[in-house]
Structure formats: structure tokens, C-alpha cells
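Engineer: whatever this is, show me its structure:
(chains A and B)
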Amino acid sequence: MKIRALALSVILAAAAAAPAQQPTPSPSAPPATPNGAAPPLPAGSPQETIITVEIARPSGARTPLAIPVPISPLTPELKANAVDPFWKTLTDDLASHPLFLVSDPALYPKGSRPPRSREEGDAWIAGGAQLLLDTRVSPTATGIEIEAQLYDLKTLQPRLGKAYTSEMRGARRIAHTLANDIVRSFTGKPGPFLARLAFISDRNTPKGGRGEKEVYLMDWDGENQWRLTYNRDLSLAPDWSPDGKKIVYQSFVKGPPGLFVVGSGGGDSKPVPVSTELNSSPSFSPDGKTLAFCGSVRGNPEIFVVGLDGTGLRRLTDNSAVDSTPRWAPNGREMAFTSNRQGSPQIYLMDGEGANVRRVTLAGNWNDEAAFSPDGSRIAMACRNEGEFQICVLDLLSGRIFQISTGPGAHENPTWSPDGSKIAWEVTDDHSTQIVVANVDGTSPKTLTSIGNNTSPSWSKTLE
Amino acid sequence: MTRLSRPSGFFVAAVLVVLSVACSKAPPPQAAPAPTPTPPPAAPVTPVAIPTPPPKPSAVPEVKVTDRTLAEISGYLKPVFFDYDKADIRPDAKDALTSNAEFLRKWPSLKVTVEGHCDERGTREYNLALGQRRAGSAKDFLTSLGIDAGRLQTISFGKERPFCTDRTEECFQKNRRAHFVVTAK
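Structural biologist: Residues are numbered from 1 along each chain as shown, chains lettered A, B, ... in the order given. Predicted coordinates for the structure are as follows:
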């Protein structure tokens, strides 16, 4: 993917880079702006400030890696059900990772596996590789065994040797596990390849139906898409529990929308009984014990927290503006949310008690749907200056904003992979809404869905 | 728990007929094509003329609503339209709400769900909150006119159930609405 090393300097009316003021006394029913433009920010804080939105650039050089076809017996069944899916999955995983560049298979030398001599090693290096991932797939009585050796072609020393067994249909899972192990050998932590995405799809809405949407799950690469809920009604905004065992979402199945929790393996959804209306955008706290969500009392949406059993309901915001879309920070002490209390919808932070409210997005006419990186240092969000939403990443320490998505359509609802290396989001074009995934710098974008409309991706928070 | 009745295809069609609003991309060509005016520059969102129902003998129709289906009765309640990212009741919305209040006073057994809807330009999650405020504003206005709050339930669909899907301001305006669905007679 071509990434333009381009910095968009935009002059925007924005608050200066200082903590935002506490909510200004809400101008009750401000005059409607007939032209639909975002109203000006309240006087006082805004100044003409130059805010730079940078296009993300790939950082660091990728190490060229050769992944030749696995050595295996020439059995058509083994090839179709294990060797091919294993090889494709392994190649796709590692090619997508910012550490590696998979070198061109057309340049791989014949034989020389594993490389035993300097000459054989140099033959691989001449093909553009620095690393060689040599694999072997063998049938066993109950399935398959896959052995893998990762060679450093300069030293000819194996960096990593692993063997895995499973049923035949587990070949893809072995590939994800191996890819995780390889990333771990470089970074000390696994890659994101076994983490899954929950999302919302209308693909099974009957013709002439009312737009039913259900929760689905898929692997990070778009494989294994399957339906988790059967409410035959509107389901929205799934979010994983930190342990990966549960998913909370908003459902309209009982008429007025409510929060529901379903096991990530399927089964019955259980309601979280709350007295509020709306009950949208649930977010699991990092300890898995409470949910933040957007609830409404007498028509005014505010941020609430509640225990999974419906006890301990507490309101955190109290503002006549829209307060929505709470997202817990990984430290469990703060959360981000969206509010239009100062004019246009912007992202704010507050602590878990609703105190210390401060605005963190200072530029643009709409910033929304904050998602914390797993280490809490960055926020991915839907950002808009003009035109359509794009996906931006805000570095909380420096205040720098990088736009990672490009291209037409409205881009929204970002979610981070649990290792922090990738972001998935939804893109709406003139035809449909689909889920894409890319590296955090926007490289290697890939569309994961194609059937119906697919929205609201939520990445599981566990790596294995 | 009572399940809400939701707009069926028929219902939506009925409402559209009542409103005389077509959501189609291209109206049928006129016999004598007038010189096509160049569309005005996209920018300013001018207040769109709110579709009004065809003239009726009186504001409150002389029908016995209990003889009609819920969807048909819902068709007598006028939708209320909003500005971009706003939930304030506009002057033109006050007329519609006043007429709705009159209708609901005349038929005190009716129970109504007030749906809040948004155009597609806002984000999915924010629009759910904004739609709730729109439904809440409409409900508050009706209760200020004396309608019992217990007859009015609010629900937000954000941008999940658009009335029209063109990416034009005309269509966006149709989707920025509070919409009334009669759930019991």
C-alpha cells in the first residue's frame, strides 16, 4: 500500500492545547443552525490554532522472510484440507505483520531446505530473504502434525523450532499459533492471530424484513464467520469481556433496547436489568465486573456504570448535552466518552467516578467512538474535519493525531487488536458497510467481510 | 412484556403515502423538460420544506380510530423533523406536535412509541444517543401540551432504520425525525 508521506496542515477553530473547561453552563436550546453547520464553540476557550493531522507512515524496516510451500506427502485430501489452508493462513498472518515482508516465492531456490551450507543459505539470500520459515505437514492417526523451523539465513542457525498436532481441520489454527510464536520470539509477546472479532451483521435478514442484525464472530483474517445470536431483532455494539468468555451488546429484542450478555461460545443471552432507557454502547470494565454504557433518563443520554447483574447503577455524567459512547481505559480508572457539550461532538476523558472531565480532541468538527490502545497510550477514533469520517489515532502524551484510513466512504468504529499492532473498523460506501483491518499505521488494509452489511467490530482482548 | 409494533413495509408505505413523500431517486420525467438547473453548491443545508399531509377537512380527522389498524392510526400522527446534530423542536415541528397532541387528546386510549431517528452522517453510537434526545424532545413537547407521559414511550433507532437511503440533504432531513407509532388502541 502506498502511504503518502504527507502532512495535512489544517487550520481549525479549536480549543488551545489545554485541558478543556468544565461544561459551560449549557445554553438551553441554542438557536437551531439552519445550515446544519456545527455551531461555533462557546466563546472563551476556542482560538485559531494550527493542528496538524499527519498521515501515518510505516515505521521500521520489515525483515524479508521466505515461507516456501510446506513439505508434505502428495495426498490430495491432505493438500486441500491441511497443507493449503495452513500455508495460506501462515503467509497471510506474517505478511500482515509489521515485522516481516514475505519475499517473492518465484525467487525461492529449488531444494536447499533446510539450508545446510553457506552456499545454500546464500541461494535463499539471493532470492531476497533474510529468514526462512521451513515447515513440514505429516498425517497422523488422528489428524496432522506440523513441524516448523525458522532459520536465520546469515548464521544458518534455527531461531525457533516447534511442532504442533491437531485434527485435520485444525490446520489454520496451527498456522495462527505458529505465527503468534514467531512474533513472540521477536517481541516477547504473541501476535494477534488467535484473537477474534465480534461484529454485527444483517446478512441473515429475511427479504422484506425489518433490518434484523445479529452478533457474529470471526477470526482476525475474516475466516470462520459464524452467527452468535438468534434474537431476530436489532443487535448492536458488541464488546468482549476481558477474559474472552462473554460478549455484551445492545438488543432491541424486548422492544425497548437493553443490555444483554452472551457467552462467546453461544447460548442464551442474559439481560442486564437496568432502569434506564436507550442502553447503548456498552463497554466492559478491565476487571470484567462492571459495564459502562449510555443510558437515558427522561430523554437525556448520560454515561452510567452498572454491575453485570444490574446492581450498583450509577450515573457518571450530568449534562443537558449528548453524552455517549463510553469506553473504559485499560487502567480501569478512566474512561473516554463523546459529548457535544461544547458544540460539536468531541472526545472527553473522565475518571471512573465521573470527575476530572477533560476534552482530549481539540480539532475537527466531529471526533467520536474512542477506542484505547491496549497499553492505554493512544486512542483510535472516528475523526472528521470535512467530508466523511476517517480513522485517526491520537497519541495522548504528545497530542499528535495520525490519520490511518484513506479512501472514500465513511470510516468508523475502530477497535484494537489485543497486541496493539492492528486496528479494525467499518467502512460505508455507496453500496454497503464492511469491516476492514489494517496495521496501526494503516498499512496492509484488508476487507474481512462481504455478505450483507457488517458493522461495529470489537476485537477480543486476550491473545491466546 | 408487550412487544412493540414496528414499521412494516406496508406501514412505511402507508406513511409515505400519507405524507405524499417519495423517497425515490428520480421523479418521473416531466412532459416538457425544463432546463435542468445546476444543483446549488452542496454546502448550506437549507431548511427543507417539511412534507405536509394532503389537505384534510380538519386537523383532527373525523375517523373512528378504533376501527382502524394500528399502522393506519399511526399514519395520522405527523413526524417531527430536526436540524443536523440537534434535538431542539423547530417552529415547524411545533405545528405537527400540536396536531398530534390534539389527535391524542381526542383518542385517549391510544398509546404511542416515539421513535428517534438520525441521518447517516453521524456515527452509529452517537446517533443512538442523539435519536434518544429527539424522541425525548418530542415526548416532552407532547406532555407540555397535556398528554400523559405514561402513554408515550421513547426509543432511539439512531441511523439503524432510515426512512430513505439516498445521500442527499433531502433524504438526510427525512431521516432526522421523531416518528410516532401507535402501539395500543
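Engineer: phi, psi for the nearest residue to A:Gly127 once chain neighbours are set aside please.
Structural biologist: The shortest distance from A:Gly127 to any non-neighbouring residue, by CB to CB, 6 or more residues apart in numbering or on different chains, is to A:Leu107 (3.6 Å). All C-beta atoms are positioned from the backbone trio N, CA, C, and that covers glycine. Phi and psi for A:Leu107, reported as degrees, to the nearest 10, are phi -100, psi 0.
Engineer: how many other residues sit next to A:Leu107?
Structural biologist: When neighbours are counted by other CB atoms under 10 Å in any protein chain shown, A:Leu107 registers 13.
Engineer: which ones are touching it?
Structural biologist: Residues near A:Leu107 by CB atoms under 8 Å, 6 or more residues apart in numbering or on different chains: A:Ala126, A:Gly127, A:Gly128.
Engineer: now do A:Phe252
Structural biologist: Contacts for A:Phe252 were tallied using CB under 8 Å, 6+ apart; they are A:Asp233, A:Leu234, A:Ser235, B:Ile155.
Engineer: about what we covered before: now, which of the contacts of A:Leu107 sits nearest A:Thr433?
Structural biologist: Proximity to A:Thr433 was ranked across the contacts of A:Leu107 by CB to CB; first place goes to A:Gly128, at 38.4 Å.
Engineer: my guess is the closest one contacts A:Thr63, does it?
Structural biologist: No - A:Gly128 is not in contact with A:Thr63 according to CB atoms under 8 Å; the separation is 11.2 Å.
Engineer: now whatever residue of chain B ends up closest to chain A: phi and psi?
Structural biologist: Closest contact between chain B and chain A, by CB to the nearest CB, is at B:Gly136 (1.6 Å). The phi/psi pair for B:Gly136 (degrees, to the nearest 10) reads phi -60, psi -40.
Engineer: what about the nearest residue to it once chain neighbours are set aside, neighbour count?
Structural biologist: For B:Gly136, ignoring the flanking residues on the chain, the nearest one in space by CB to CB, 6+ apart is A:Gly299 at 1.6 Å. For A:Gly299, the count of nearby residues is 21 (other CB under 10 Å).
Engineer: now do the contacts for A:Gly299.
Structural biologist: Contacts of A:Gly299 (CB under 8 Å, 6+ apart): B:Gln132, B:Arg133, B:Ala135, B:Gly136, B:Ser137, B:Lys139, B:Asp140, B:Thr154.
Engineer: before we move on, back to that, contacting residues for the residue of chain B closest to chain A?
Structural biologist: The contact partners of B:Gly136, taken as CB under 8 Å, 6+ apart, are A:Ser296, A:Arg298, A:Gly299, A:Asn300, B:Ala87, B:Gly116, B:Thr154.
Engineer: does B:Asp140 count as helix, strand or coil?
Structural biologist: helix (DSSP: H, G, I helix; E, B strand; the rest coil).
Engineer: now whichever residue of the stretch 201-350 of chain A sits closest to chain B: how far from B:Asn175?
Structural biologist: Of the stretch 201-350 of chain A, the residue with the smallest distance to chain B, taken as CB to the nearest CB, is A:Gly299 at 1.6 Å. According to CB to CB, to the nearest Å, A:Gly299 stands 19 Å off from B:Asn175.
Engineer: likewise for A:Ile247?
Structural biologist: In terms of CB to CB, A:Ile247 sits 29 Å off from B:Asn175.
Engineer: quick check: B:Trp93 touching B:Asp83?
Structural biologist: One thing to correct before we go on: residue B:93 is Ala, not Trp. No - between B:Ala93 and B:Asp83 there is no contact under CB under 8 Å: 10.0 Å.
Engineer: neighbour-wise, which of those two wins?
Structural biologist: Between B:Ala93 and B:Asp83, counted using other CB under 10 Å, the more crowded position is B:Ala93 (22 against 18).
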